[in-house]
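*Asks:* Need coordinates for the below:
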Amino acid sequence: MDKMKQLKRTAAFLAALSLMAAGLSACTANTGNSTSSTSSAARTAGATETGSGTSQETALQSSQTASSDSQETTLTGTGSADTAATDDTADLTVTIGALKGPTAMGMVQIMSQAEAGPVDGTDYQFSLSASPDEITPLLAKGELDLAAVPANLAAVLYNNTEGQIQVLDINTLGVLYIVENGDSVQSLADLKGKTLYASGKGATPEYALNYLLEKNGLDPETDLTIEWKSEHAECVAALAQDPNGIALLPEPFVTTAKTQNPELRTALDLSDIWDQVQADDGGSSQLITGVLVGRKAFIEEQPEAVAAFMTRYKASVEFVNSDTAAAAELIDHFGIVSQAVAQAALPACKITFIDGEDMKTALSGYLQVLADQNPQAIGGQLPADDFYYLGQ
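*Replies:* Below you'll find the predicted structure:
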């Protein structure tokens, strides 16, 4: 690749990444004030994943029990490690990155197991990062083998590494909700003539919202006023000040907002509306927040290690969804969000495990919707079939 071509690819990558980070970091933060925690199994580095940068950490600080200063601390297990077979030495080290939010919540059982030492000969090392742009260079440099990232970023990475990133599963479905002070919104049509506070302009929240508004007969430009905020925290603040306020918010921000204003009502789940639109159009995609990706070289070199991790990951997701009280303790322990917020938010966080052909069908359809809105949101073009890892 000549120098000019490389410069163009770099510019395209940065432009696409800035679009993504502006609104969904899915779930993102002030890296200068991030929390860092280190052990053989977990290295955490501040903030969260469902929205725009600094707002995540700001909005959740009041409900988190973990320290938010930059002092390095050592994490210890909280009780799930006894379910895993461990030994004293590791035959293989696997590095995994995630963002503080729903995608990391689904991994907490494995994180707890790994704190006790190597699991069946594998040393799992987790890094919880402040924003997607912290994870991206680590994948590029080979310092991360696997990472949970926003769905559109996976496509951006694939396109800008010439196919060197593959997606292994969908780990979080849509976590976007319409919330309001009142009882005036029963459908998207009820937003006509109203003001909606939202964050994520130029990124996936805007594209998903516009798609659903248009499918429900509303013009986003003329039928309602969308007041775009730079951070989700600003939407929460606007709701607090406006007795008739309506906002687009992701979890766990909805739960955080409700702790500040118990009268706040969840009016609409955009995932349900997306599913209805797809059913009406004969489509099969879903509204997706996060996916697990891996470096293609690692996947090809260590297929058995990948399969073993996926088995444990699926079990961890099932644990988080079935025992929210125990999962919330671990989520608090790893500094993702406080135990109280986690336990309240988990049922609405749409943590899941979808792989194989079902993953390909749902994700490819979702990326097509984003591409129709703005091709740069997925890195310029739809990924080819080799983007989807369907197993050995």
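
*Asks:* The stretch 151-300 of the chain: strands as residue ranges?
*Replies:* For the stretch 151-300 of the chain, the strands defined by DSSP state E, counting those that start in this stretch occupy 165-173, 176-180, 195-199, 225-229, 246-250, 265-269, 288-295.

*Asks:* May I ask which helix or strand encompasses Q109?
*Replies:* According to DSSP states H and E, Q109 maps onto helix 108-115.

*Asks:* and that helix, how far from the chain's centre?
*Replies:* Its chain's average C-alpha position is 19 Å from that of helix 108-115, according to C-alpha atoms, centre = their mean, to the nearest Å.

*Asks:* counting contacts, what elements does it pack onto?
*Replies:* strand 42-45, strand 122-129, helix 303-322, helix 324-333 (3 or more C-beta pairs under 8 Å, 6 or more residues apart in numbering; DSSP states H and E). C-beta here means a position set from N, CA and C on the backbone, and glycine is covered the same way.

*Asks:* Can you show me the CA trace of the last one as PDB?
*Replies:* Think helix 324-333. Provided in PDB are the C-alpha atoms of helix 324-333 (Å, rounded to 0.1, in the frame of the first residue of the first chain):
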ATOM      1  CA  THR A 324     -29.200 -10.800  39.000                       C
ATOM      2  CA  ALA A 325     -28.500 -10.400  42.700                       C
ATOM      3  CA  ALA A 326     -25.300 -12.300  42.600                       C
ATOM      4  CA  ALA A 327     -24.400 -10.800  39.300                       C
ATOM      5  CA  ALA A 328     -24.900  -7.300  40.700                       C
ATOM      6  CA  GLU A 329     -22.400  -8.000  43.500                       C
ATOM      7  CA  LEU A 330     -19.800  -8.900  40.900                       C
ATOM      8  CA  ILE A 331     -20.600  -5.900  38.700                       C
ATOM      9  CA  ASP A 332     -20.100  -3.700  41.700                       C
ATOM     10  CA  HIS A 333     -17.000  -5.500  42.700                       C
END
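
*Asks:* show me the contacts for the closest residue to R312 other than its chain neighbours.
*Replies:* Ranked by C-beta to C-beta, 6 or more residues apart in numbering and with sequence neighbours excluded, the top spatial neighbour of R312 is I110, at 5.0 Å. Applying C-beta atoms under 8 Å, 6 or more residues apart in numbering, one finds that I110 lies in contact with 119, 124, 126, 309, 312-313, 316.

*Asks:* now that we have those residues, which one has the most neighbours?
*Replies:* Counting neighbours by other C-beta atoms under 10 Å, the top entry in the contacts of I110 is Y124, with 27 neighbours.

*Asks:* looking at it, that one is touching A98, isn't it?
*Replies:* No. At 11.8 Å, Y124 does not count as touching A98 under the criterion of C-beta atoms under 8 Å.

*Asks:* so how far is D219 from A342?
*Replies:* 38 Å (C-beta to C-beta, to the nearest Å).

*Asks:* Tell me which of these two has more neighbours.
*Replies:* More crowded of A342 and D219, by other C-beta under 10 Å: A342, with 26 against 11.

*Asks:* quick one on the thing from earlier: including pLDDT and distance to P102, could the contacts of I110 go into TSV?
*Replies:* TSV is the format used below for those (pLDDT from 0 to 100; distance: C-beta to C-beta, whole Å):
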residue	pLDDT	distance to P102
V119	92	23
Y124	96	19
F126	96	15
F309	97	19
R312	97	18
Y313	97	14
S316	98	13
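
*Asks:* Just give me the closest of those to P252.
*Replies:* Each of the contacts of I110 was scored against P252 by C-beta to C-beta, and S316 proved nearest at 18.2 Å.

*Asks:* list the contacts for that closest one?
*Replies:* By C-beta under 8 Å, 6+ apart, S316 lies in contact with 106-110.

*Asks:* Just the buried subset of those, please.
*Replies:* 106-110 (16 or more other C-beta atoms under 10 Å).

*Asks:* what about the spatially closest residue to Y388 that is not a sequence neighbour, neighbour count?
*Replies:* Counting by C-beta to C-beta, 6+ apart, Y388 lies nearest to K360, which is 4.3 Å off, once chain neighbours are set aside. Number of residues near K360 (other C-beta under 10 Å) recorded here: 18.

*Asks:* List the contacts of the stretch of helix or strand K360 belongs to.
*Replies:* Assessed by DSSP H and E, K360 sits inside helix 356-373. Here helix 356-373 makes contact (C-beta under 8 Å, 6+ apart) with 151-152, 155, 167, 169-170, 204, 206-208, 210-211, 278, 283-288, 291, 354, 377-378, 381-383, 388, 390-391.

*Asks:* per-residue confidence averaged over it?
*Replies:* Averaging pLDDT along helix 356-373 gives 95.

*Asks:* and that helix, how far from the chain's centre?
*Replies:* Worked out by C-alpha atoms, centre = their mean, helix 356-373 lies 16 Å from the chain centre.

*Asks:* Reformat the helices and strands packed on helix 108-115 as JSON lines; add distance to L239.
*Replies:* Converted to JSON lines, the helices and strands packed on helix 108-115 look like this (distance: least, C-beta to C-beta, whole Å):
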{"stretch": "strand 42-45", "distance to L239": "29"}
{"stretch": "strand 122-129", "distance to L239": "28"}
{"stretch": "helix 303-322", "distance to L239": "28"}
{"stretch": "helix 324-333", "distance to L239": "25"}
